[in-house]
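# Here is a sequence with its predicted model. Questions after.
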Amino acid sequence: KLAPWWVGSGLLVAAVLLSAITVWVLRQVSGAWPVTALPPKCLLAPESHRFDCYPERHVVVTQELCESRGCCFIETSPPAEGKRGVPWCFYPPDFPSYTLESLNQTALGMVGMLVRREKAYYPRDIEILRLDVEFETDTRLHIKITDAANPRYEVPLEVPRVTKRAENPIYSLDFSRDPFGVQLRRRATGTVLLNTTVAPLIFADQFLQISTLLPSQFLYGLGEHRGTLLHSLDWSTLTLWARDVSPTESFNLYGAHPFYLMMEEGGDAHGIFLLNSNAMEVALQPAPGLTWRTIGGVLDFYIFLGPDPNMVIQQYQQVIGFPAMPPLWALGFHLCRWGYGSSNETWQTVKAMRNYQIPQDAQWNDIDYMDGYRDFTLDPQKFTSLPSLVEDLHKHGQRYVMILDPGISSTRPHGSYWPFDEGLRRGLFLNTTQGQPLIGQVWPGSTAFADFSNPDTHQWWLENLQSFHARVPFDGLWIDMNEPSNFMDGSKDGCPPGELDSPPYTPAVLGDSLSAKTVCASAKQKVSVHYNLHNLYGLMEAKATASALIQIRGKRPFVISRSTFPSQGRYSGHWLGDNRSQWKDMYYSIPGLLSFSLFGIPLVGADICGFSGSTSEELCTRWMQLGAFYPFARNHNTQNEKAQDPTVFSPAARTAMKDVLLTRYSLLPFLYTLFHRAHLQGDTVTRPLFFEFPQDVATLGLDRQFLWGRSLLVTPVLEPGVDSVTGYVPRGLWYDFYTGSLVNSSGEMLKMSAPLEHLNLHVREGAILPTQKPGTTSEVTRGNPLRLIVALSSSATAWGDLFWDDGESLDTFEQGSYSYLVFNVTQNVFTSTVLHASTEAKEATIDTLSIFGVSKRPSKVLLNGQEKPFSYLDNQVLTVSDLGLSLSQGFSLLWL
């Protein structure tokens, strides 16, 4: 007999042998380790915490490929369509990274040295990095990682330079030494906002990657994309590489905004900005976690601690710059289409709008005004009367805007097209690696592309615009196709071989190539190669265009650009591109609008009624209602589709469109004041509900409604065939904008009546909105009397303000040429206090005061001590009319 321990050991040995044979067979059959046979370290990370070690697209990642990088390989179920899914190849916890070798205090923070002992798997990884940490303000931290030995490309963006270290930061910073990592906490709550120890830092010449855990699921920003306002962290990737493509979910679109806003548990907020202009992708995963991957430049992070979302966006704009103050007319209604066909047909549309007395501030033309689609030309047959049309617009207090593209026709006989001849002579175009102008194809055929990184190009641009303005005295400019867009990939000669056009790693860009429908990444520009500057092209053109408009007109510039980058708000607004006449496109415009509010570009809107495809009367009516509350409100249409301006619809639809535009025009004083606050301190104009109610978790995903400022709630109809709409009304008192009737909400979804002619608007308790009797242009409206709408809070208080100037002069606030009034209600007394006065305010009068929520009928009303007649309605609205008060005088009104 064998002793019992022999039996046990024999069984154990047999089991081990059997297990080994099974593993060997499985390896032969599948080429994969069974999970139980994996190195134990690979089993430590739950699926949600697996950070992708093999992000390359269009590669079937095998165990062999994965292990060649030193990573763990576990097959999981295939992902849903359009998602990455759980990575099969992921970093083990001991994957080699950088070590923090030294860390020394500096006047502003710290400087450290990071050393990598083992090479990473991308070429030319950098062995020694420099870490700079600056405690810039109590709510702003700056962390920069770059090559310690050699200079690298950095974004040529002016950022503030601090001279002393923050004294009482609301954050604390810790470092992990080996592997190197950053842990950032909010002092008040202990919440960890950044933890980069979860995956290795990789810093190669053309592949830079850093990952972090996130404190919650509530992530916003990272543009430009089409989708919901709140991002899904379910293994989605957001690519940032400017691209001309109709807005489509999951595609990289026209602009690049490497900034995100995150809501934490409890209602605090923070933001992260990566100042980097190279092709980039941001991978999100449900841990929750995030990975930044970029293929050039440096890792230059700004962290904004808020603590509320409004403050985060203000702090972001303190770094990138506050938006420009638009001229008042920019906030009126704009009308455009591609395919008017002639200046006379354009003029007919303007006259029809006037005939129906529908408000309109600006008439636009698309590329059909040009001769052969060439910039700075006029079609000599179809648009000969354009100068007369512009003169007529100006006589009626209206403005003219036309389109310009950055692609300059290169095929005209020498001496016949000055813009190209002169640009060539001065060397102002993007060049190939061979030093010749890179030739692509856009609307006029073969084109060269202006290099706006060159200051000399700005001068040439100005001279071209001056020459055209002498013929057609335009008021604003619409800059399109400035990603830059190219109808071919790269150039007519393709792109040369090399690591700029074919980098070791290409982010998940549409077309799988950096040159897809744009120019070669290797193209030479004055400041750097296009590889580094591509995402800045629209910004640099906007800067040149705004500067030229100031020099030509001597007034505030109006520029609308398709491609954008952080700081663009200083020079231009943005429209959301070539949308479609579909209900879902109308909905998607709201998250688009709100995202650009986060990006510091408040002057934004979508093509009302849709650009491509054919709209319907119902869709267009509903869209005009929503669009009347875009900060930038323009109805625009493509060629070969039926007209969609308000005049072409039935009397009922036309009236509904006219009425909602009149409502917008009545609110211009309020909207203009919101833009002043955006310009002055970075407040948002349109904002998501969670900005005002950050502790109400029900608001965190809302993107079918929005607010103007903190107090006007817009709830549009976004689907066909309905006469009601359900919207969220946050806790508190809200008043119907039109009637003053009260809605007392506990924080709930409410069904609201919404017949085709009605847009639901509600005023928040405690607000005072300055409004004006609307006219058919902003100029006419400016001369009309004001009506102040007071929405009393539950404690019978209210506050509001009004910024007033001439509507178009440069730097009125900075030069003191403005009036600023503050309105206040407490204990049944309304007071208007003039904090700053200018001559313009003397021409405007306050005629009416409407006070919502006056609980009982007053016995009398006193204006500056004198009794005044009044009306009082059962829905608790007190109205005092015929006040005739100059805006430049303070006053008080008491009701007893």
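The structure has been received and is ready for your questions. Numbers count the residues shown, from 1 in each chain.
# Let me know whether residue 785 touches residue 774 as I believe.
No. Using C-beta atoms under 8 Å, residue 785 is not in contact with residue 774; the gap is 11.3 Å. Just so you know, the C-beta spots here come from the backbone N, C-alpha and C atoms, and that holds for glycine as well.
# who's more crowded, these two?
Neighbours per residue, other C-beta atoms under 10 Å: of residue 785 and residue 774, the larger number sits with residue 774, 20 against 17.
# Could you look up the SS state of the spatially closest residue to the more buried one that is not a sequence neighbour?
Excluding the flanking residues, the one nearest residue 774 by C-beta to C-beta, 6 or more residues apart in numbering is residue 665, at 3.6 Å. Three-state call for residue 665 (DSSP: H, G, I helix; E, B strand; the rest coil): helix.
# All further residue positions should be reported with the first residue as 11.
Will do, 11 is the new start, and the previous item becomes residue 675.
# Next up, the contacts around residue 675.
342, 343, 369, 782, 784, 785, 788, 791 (C-beta atoms under 8 Å, 6 or more residues apart in numbering).
# out of those, who has the most neighbours?
Highest neighbour count within the contacts of residue 675: residue 788, with 28 neighbours (other C-beta under 10 Å).
# ok now do the closest residue to that residue other than its chain neighbours, which residues does it touch?
Closest residue to residue 788 apart from its sequence neighbours, by C-beta to C-beta, 6+ apart: residue 342 at 4.4 Å. Residues near residue 342 by C-beta under 8 Å, 6+ apart: 369, 370, 371, 372, 643, 675, 678, 787, 788.
# try it again with 7 Å
For residue 342, the contacting residues are 369, 371, 372, 787, 788, by C-beta atoms under 7 Å, 6 or more residues apart in numbering.
# again, but for residue 356
Contacts for residue 356 were tallied using C-beta under 7 Å, 6+ apart; they are 350, 373, 375, 399.
# 6 Å - rerun?
Residue 356 is in contact with residue 350, counting by C-beta atoms under 6 Å, 6 or more residues apart in numbering.
# coming back round to it: which of the contacts of residue 342 sits closest to residue 902?
Lowest distance from residue 902 to the contacts of residue 342 (C-beta to C-beta) belongs to residue 788, with 30.1 Å.
# ok, now which ones touch that closest one?
Contacts for residue 788 (C-beta under 6 Å, 6+ apart) come out as 338, 339, 342, 371.
# How about residue 577?
So residue 577 contacts 167, 330, 331 (C-beta under 6 Å, 6+ apart).
# now, which of those residues lie within helices?
The helices, defined by DSSP state H, take in residue 330 from these.
# Now do the residue nearest to residue 784 against residue 521, distance only.
Remark: distance between residue 675 and residue 521 (C-beta to C-beta, to the nearest Å) = 43 Å.
# next one: residue 112
On the measure of C-beta to C-beta, residue 112 and residue 521 end up 44 Å apart.
# Same check on residue 157?
30 Å.
# ok, the contacts of residue 342 vs residue 718, which is closest?
residue 788 (16.6 Å).
# what ranges do the strands span in the stretch 661-810 of the chain?
Using DSSP state E, counting those that start in this stretch, the strands of the stretch 661-810 of the chain run over 696-697, 716-718, 722-725, 734-739, 742-746, 752-755, 758-763, 770-774, 777-782, 796-801, 808-814.
# Residue 742: what's it in contact with?
Going by C-beta under 6 Å, 6+ apart, residue 742 touches residue 775.
# How much space separates it from residue 840?
Distance, residue 742 to residue 840, by C-beta to C-beta: 21 Å.
# Give me the neighbour count for the closest residue to residue 721 other than its chain neighbours.
Excluding the flanking residues, the one nearest residue 721 by C-beta to C-beta, 6+ apart is residue 777, at 3.4 Å. Residues near residue 777, counting by other C-beta under 10 Å, number 23.
# was I right about residue 777 contacting residue 800?
No. Here residue 777 lies out of contact with residue 800, judged by C-beta atoms under 6 Å, at a distance of 8.0 Å.
# How about residue 212, nearest residue that isn't a chain neighbour?
The shortest distance from residue 212 to any non-neighbouring residue, by C-beta to C-beta, 6+ apart, is to residue 219 (4.4 Å).
# same question, residue 700
In space, residue 700 is closest to residue 709, 4.1 Å off (C-beta to C-beta, 6+ apart).
# With residue 89 instead?
Residue 89 sits nearest to residue 95 (C-beta to C-beta, 6+ apart), 2.3 Å away.
# tell me the SS of that neighbour?
Residue 95, by the three-state scheme (three-state DSSP), is coil.
# Could I get the phi/psi values of it?
In terms of degrees, to the nearest 10, the main-chain angles of residue 95 are phi 80, psi 180.
# for residue 763, what are its contacts?
Contacts of residue 763 by C-beta under 6 Å, 6+ apart are residue 734.
# Quick check: bridge partners of it?
Residue 763 forms beta bridges with residue 734, as assigned by DSSP bridges.
# Also the one 10 residues further on?
Beta-bridge partners recorded for residue 773 (DSSP bridges): residue 722, residue 745.
# Quick check: it touching residue 746?
No. Residue 773 is beyond contact range of residue 746, at 7.9 Å (criterion: C-beta under 6 Å).
# Who has more neighbours out of those two?
Neighbours were counted for residue 773 and for residue 746 using other C-beta under 10 Å; residue 773 has more, 23 against 17.
# gap between that one and residue 680?
Taken as C-beta to C-beta, the span from residue 773 to residue 680 is 10 Å.
# do residue 187 as well
Distance, residue 187 to residue 680, using C-beta to C-beta: 54 Å.
# the more surrounded of the two?
Each of residue 187 and residue 680 has its neighbours counted (other C-beta under 10 Å); residue 680 has more, 22 against 12.
# and the residue lying closest to that one once chain neighbours are set aside, how many neighbours does it have?
With C-beta to C-beta, 6+ apart as the criterion, residue 680 has its nearest non-adjacent residue at 4.9 Å, and that residue is residue 779. A count of nearby residues for residue 779, using other C-beta under 10 Å, gives 27.
# just checking, residue 779 touches residue 681?
No. Between residue 779 and residue 681 there is no contact under C-beta under 6 Å: 10.0 Å.
# Between its first and last residues, how far does stretch 747-756 reach?
Counting by C-alpha to C-alpha, to the nearest Å, you get 19 Å between the two ends of stretch 747-756.
# likewise stretch 529-547?
11 Å.
# Stretch 172-188 too?
Span of stretch 172-188 from end to end, C-alpha to C-alpha: 30 Å.
# got it, and stretch 150-165?
Termini of stretch 150-165 sit 19 Å apart (C-alpha to C-alpha).
# and the gap between residue 663 and residue 537?
To residue 537, residue 663 is 50 Å away according to C-beta to C-beta.
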